[in-house]
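Engineer: when you get a sec, could you give me coordinates for this:
(one chain, ligands or ions: 1)
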Amino acid sequence: MTDAAATPDETYSYLGPAGTFTEAALKQVPEAAGKAWRSVNNVGEALADVTSGRSIAAMIAIENSIEGGVSATQDALATVPGLRIVSEVLVPVNFVLVARPGTRLDEVRVVNAHPVAYAQSRGWLERNLPAHGHIPSSSNVQAAAALLEAGSPADAAVAPPGIVDHYDVEVLARDLGDNPNAVTRFVLVSRSRALPEPTGADKTSLIVELPSDEPGALLAMLEQFSTRGVNLSLLESRPIGDALGRYRFVVDLDGHVSDERVADALLGLRRTSPKVIFLGSYPRADQQEIEYHAKYDDEIFIEARDWLRGLLSGEPD
Ligand SMILES: O=C(O)C(=O)C[C@]1(C(=O)O)C=C[C@@H](O)C=C1
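Structural biologist: This is a model prediction of the structure:
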């Protein structure tokens, strides 16, 4: 599928090499089928492909059910301008421990693993290899590929189960993940300004900075959502990085920016926060219809606006 001669509007970047969960996520995107796929080494490179116009879109991991938000992704989306999330994909993740053929489990001293995969397998590794050392890898597949490089300091790697189809490694143990139902959420990021159509089962992603040293600023932000009946599915803080104690908030909410209650909450945020980054409104991967109280229906907001317009223009009651 990789084609060096492909034009940018036919190229999708993903964290590789082939066999990663990120590649499995891209396989779920119908528009990417039959296009050129470019394997990259990290989230920054994937997003740089999109901003430079080298690729039309990039698939990146954003949240894991065990580890929470992928901080490299959250920080990149907060600082790289001009990006929009256009869709999301869920991939169940589980891991195997692999080694060069002939290695025994009791010979393993050092383990290669992507930090998010390591965090999900820590319980198993601590129980079965209590004295192991950990070398961070750029991806799950790279962790296993590096074992086969000359002079590799590692004896084993945490990798996706399909790794044996791509590399000459042997499985020493299966089901390493501490939770068998672990899921990673991926997002497809592009430069497109065109909003995906509302479906009634949508999600909106934002990054919000709060006024510094203002008591209750976080509560004031949350009130923008609660007073419009908008449910949040993710709220995480990440350091802004310019001074100790300064944080930005990563927010996912139920609904589309074209829903009146969501649009109204965004207007409130824009008035009260020094910085609001709109990352996109897009269909939820689980297609679960958003439920909210009837008092937050579009018509209620429209009626209230029309009433005010009438007052201002002197229309009779
Ligand atoms: O796509 C892969 O296989 C990766 O190595 C990346 C990644 C991630 O960044 O979260 C993807 C899914 C797993 O949760 C662990 C690692």
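
Engineer: where exactly do the helices run in the stretch 1-150 of the chain?
Structural biologist: Taking DSSP state H, counting those that start in this stretch as the criterion, the stretch 1-150 of the chain carries its helices at 21-27, 43-51, 71-79, 115-128, 140-145.

Engineer: and what of the stretch 201-317 of the chain?
Structural biologist: 217-226, 260-272, 298-312.

Engineer: can I get the ones you listed in CSV including distance to the ligand and mean neighbour count?
Structural biologist: Every residue, glycine included, has its C-beta placed from N, CA and C. As requested, the helices of the stretch 201-317 of the chain are exported to CSV (distance: least, Cβ to the nearest ligand atom, whole Å; neighbours: other Cβ atoms under 10 Å):
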stretch, distance to the ligand, mean neighbour count
helix 217-226, 27, 16
helix 260-272, 28, 18
helix 298-312, 36, 11
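
Engineer: okay, these in CSV with mean pLDDT and distance to N64 next?
Structural biologist: Below are those laid out as CSV (pLDDT from 0 to 100; distance: least, Cβ to Cβ, whole Å):
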stretch, mean pLDDT, distance to N64
helix 217-226, 96, 24
helix 260-272, 97, 26
helix 298-312, 96, 34
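
Engineer: can I assume I60 is in contact with V187?
Structural biologist: Yes - the pair I60 / V187 is scored as a contact, 6.2 Å apart, by Cβ atoms under 8 Å.

Engineer: who touches both of the two?
Structural biologist: Counting by Cβ atoms under 8 Å, 6 or more residues apart in numbering, the contacts common to I60 and V187 are T73.

Engineer: could you dump the helices of the stretch 201-317 of the chain into JSON lines with distance to A72 added?
Structural biologist: Shown next, in JSON lines, are these (distance: least, Cβ to Cβ, whole Å):
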{"stretch": "helix 217-226", "distance to A72": "24"}
{"stretch": "helix 260-272", "distance to A72": "25"}
{"stretch": "helix 298-312", "distance to A72": "37"}
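
Engineer: quick one, domains of this structure?
Structural biologist: With automatic domain parsing as the criterion, the domains of the chain are listed as 9-93+182-193, 96-173, 195-309.

Engineer: tell me the most buried of those domains?
Structural biologist: Highest mean neighbour count of the domains of the chain: domain 9-93+182-193, a mean of 20 (counted as mean count of other Cβ atoms under 10 Å).

Engineer: point out where the chain drops to low pLDDT.
Structural biologist: Along the chain, the parts satisfying pLDDT under 70 run over 1-6, 8.

Engineer: please repeat the previous calculation with a cut-off of 90.
Structural biologist: The model of the chain has pLDDT under 90 over residues 1-10, 66-67, 178-180, 211-213, 243, 245, 315-317.

Engineer: got the residues of it near the ligand?
Structural biologist: Within the chain, the positions near the ligand by Cβ under 6 Å from any ligand atom are 15, 20-22, 61, 64, 70, 93, 114, 116-117, 139-140, 160, 184.

Engineer: still on that earlier bit, turn the helices of the stretch 1-150 of the chain into CSV, columns for distance to G280.
Structural biologist: Formatted as CSV, the helices of the stretch 1-150 of the chain follow (distance: least, Cβ to Cβ, whole Å):
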stretch, distance to G280
helix 21-27, 16
helix 43-51, 13
helix 71-79, 10
helix 115-128, 22
helix 140-145, 26
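
Engineer: to A294, which of those helices lies closest?
Structural biologist: Evaluated with Cβ to Cβ, these place helix 71-79 nearest to A294, the distance being 33.9 Å.

Engineer: angle of that closest one against helix 43-51?
Structural biologist: Taking axes from the mean of the first three to the mean of the last three Cα atoms, to 10 degrees, one finds helix 71-79 and helix 43-51 inclined to each other by 40 degrees.

Engineer: format the domains of the chain as a markdown table; extra columns: distance to E315.
Structural biologist: Below are the domains of the chain laid out as a markdown table (distance: least, Cβ to Cβ, whole Å):
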| stretch | distance to E315 |
| --- | --- |
| domain 9-93+182-193 | 36 |
| domain 96-173 | 58 |
| domain 195-309 | 8 |
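
Engineer: how far does stretch 12-22 sit from its chain's centre?
Structural biologist: Taking Cα atoms, centre = their mean, to the nearest Å, one finds the center of stretch 12-22 at 14 Å from the center of the full chain.
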